[in-house]
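Colleague: here you go, sequence then predicted model.
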Amino acid sequence: MGGVAGGRLAAAVTAAGGLGMVGMGSAATRVSLAAELRYVRGRFGIGLVDWVMRAQSGLFEDALAAGPALLSVSFGTDWSWVTAAHDAGIATATQVYDAEGARRAAGAGVDVLVARGAEGGGHGEVRLATLPLLDEVLDAVSVPVLAGGGVASPRSLAAVLAAGASGAWVGTRLAACPEALTGGASRQALIAAAATDTRVTRVFDVAAGLPWPQRFPSRVLTDEFVTRWTGREEELATDPAAGAGPLAPVDAGQGVGMIRDDATVADVIEALSVGAQSLLARWS
């Protein structure tokens, strides 16, 4: 949720009863982290991209110094950051995409795993859908597991809780809230989109020259640029003029069809929680 989950969104999520995350994406710097931390209130977490964290000297140290309740680092294979976070008294989390990855993360001491299904918006491996992935991960490890990917309604929240998740990792549904850093046009695009309007692609990363590993494409709202260049990434990378013009991907998971309006974070979380509780109560 880099460029979307800033300090205001994190503060609003925490105030509504969740744990708000400050998301530092591909463009993260020490300056941008400090700017967003000015707005956090109460407990909060920080999310970092592993390869960005290592390229930006001091970013990881600044994140530790901020004293988050949770530090999430994903898209890497070096687990040395886990020990450093624990030494600072900070709990850790990371995204996983299969049972083997879950076992490796848990073995490295990660406290909380995010089973991020292929439905999820933004970057991640496209391997398993959320519920089959959750089944595999819960069988593989004993640490708490959060379900991410496609959780955008009371029904989907109830489903992952009933399946055994300790909680949900919600992104796309909150991206349309006024507290997010999402621009006006992107917010309206999220509200207008159907569940079938997303596509997994690398074209924005290739055009921007971002060194994302190929195994981590991004699920975004489909537009003309995506349609034109997906499958032609090598040509795009060698043609500087091809990517000219605005490059503004709107990250979105397949739960985007559940977004009907730009409700506040408090209203979204209340609707998700009350609705899920009502559905789960039917089985008791």
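Modeller: Arrived safely, thanks for sending. Numbering: from 1, shown residues only.
Colleague: tell me where this structure has helices.
Modeller: Assigned helices in the chain, in chain order: 7-15, 30-37, 50-55, 59-65, 80-87, 99-107, 130-140, 154-162, 172-175, 184-192, 203-208, 224-229, 233-237, 265-281 (criterion: DSSP state H).
Colleague: what's the average pLDDT for the fifth one?
Modeller: Helix 80-87 comes out with an average pLDDT of 98.
Colleague: likewise for the third one?
Modeller: Averaging pLDDT along helix 50-55 yields 96.
Colleague: check which helices and strands it sits against.
Modeller: Judged by 3 or more C-beta pairs under 8 Å, 6 or more residues apart in numbering; DSSP states H and E, helix 50-55 is in contact with helix 59-65, strand 70-74. All C-beta spots, glycine's among them, are computed from the backbone N, C-alpha and C.
Colleague: now do it: everything it contacts.
Modeller: For helix 50-55, contacts defined as C-beta atoms under 8 Å, 6 or more residues apart in numbering pick out 24-26, 28, 59-60, 63, 73-76, 78, 81, 211-213.
Colleague: swap in 7 Å and give it another go.
Modeller: Ser26, Ala28, Leu59, Phe60, Val73, Ser74, Phe75, Gly76, Pro211 (C-beta atoms under 7 Å, 6 or more residues apart in numbering).
Colleague: for it, output the C-alpha coordinates as CSV.
Modeller: C-alpha atoms of helix 50-55 as CSV (Å, rounded to 0.1, in the frame of the first residue of the first chain):
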residue,chain,number,x,y,z
ASP,A,50,12.8,-5.8,1.5
TRP,A,51,14.8,-4.7,-1.5
VAL,A,52,13.8,-1.0,-1.1
MET,A,53,14.7,-1.2,2.6
ARG,A,54,18.2,-2.5,1.7
ALA,A,55,18.7,0.1,-1.0
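Colleague: and that helix, which residues are buried?
Modeller: Judged by neighbour count (16 or more other C-beta atoms under 10 Å), helix 50-55 contains these buried residues: Asp50, Trp51, Val52, Met53.
Colleague: chain center to that helix: distance?
Modeller: Distance, stretch centre to chain centre, for helix 50-55: 16 Å (C-alpha atoms, centre = their mean, to the nearest Å).
Colleague: stretch 163-182 now?
Modeller: With C-alpha atoms, centre = their mean, you get 8 Å for stretch 163-182.
Colleague: do the same with stretch 251-266
Modeller: Worked out by C-alpha atoms, centre = their mean, stretch 251-266 lies 14 Å from the chain centre.
Colleague: re earlier: need the winner for burial among the helices of the chain.
Modeller: Comparing the helices of the chain by mean neighbour count (mean count of other C-beta atoms under 10 Å), helix 172-175 ranks first with a mean of 28.
Colleague: report all helices and strands that that helix contacts.
Modeller: Contacts defined by 3 or more C-beta pairs under 7 Å, 6 or more residues apart in numbering; DSSP states H and E place helix 172-175 against helix 265-281.
Colleague: just want the angle from the helix it packs on to helix 154-162.
Modeller: Helix 265-281 runs at 60 degrees relative to helix 154-162, counting by axes from the mean of the first three to the mean of the last three C-alpha atoms, to 10 degrees.
Colleague: pLDDT below threshold where in the protein?
Modeller: By pLDDT under 70, the low-scoring segments of the chain are 240, 243-247.
Colleague: who's in contact with Val151?
Modeller: Contacts of Val151 by C-beta under 7 Å, 6+ apart are Leu157, Val160, Ala168, Val170, Gly255.
Colleague: so who does the third one touch?
Modeller: By that I understand Ala168. Applying C-beta under 7 Å, 6+ apart, the residues near Ala168 are Leu146, Ala147, Val151, Leu157, Val160.
Colleague: one more: the first one?
Modeller: Remark: with contacts taken as C-beta under 7 Å, 6+ apart, Leu157 is in contact with Val151, Ala168, Leu272, Ala276.
Colleague: nearest residue to it in space, please, no chain neighbours.
Modeller: Ala276 (4.1 Å; C-beta to C-beta, 6 or more residues apart in numbering).
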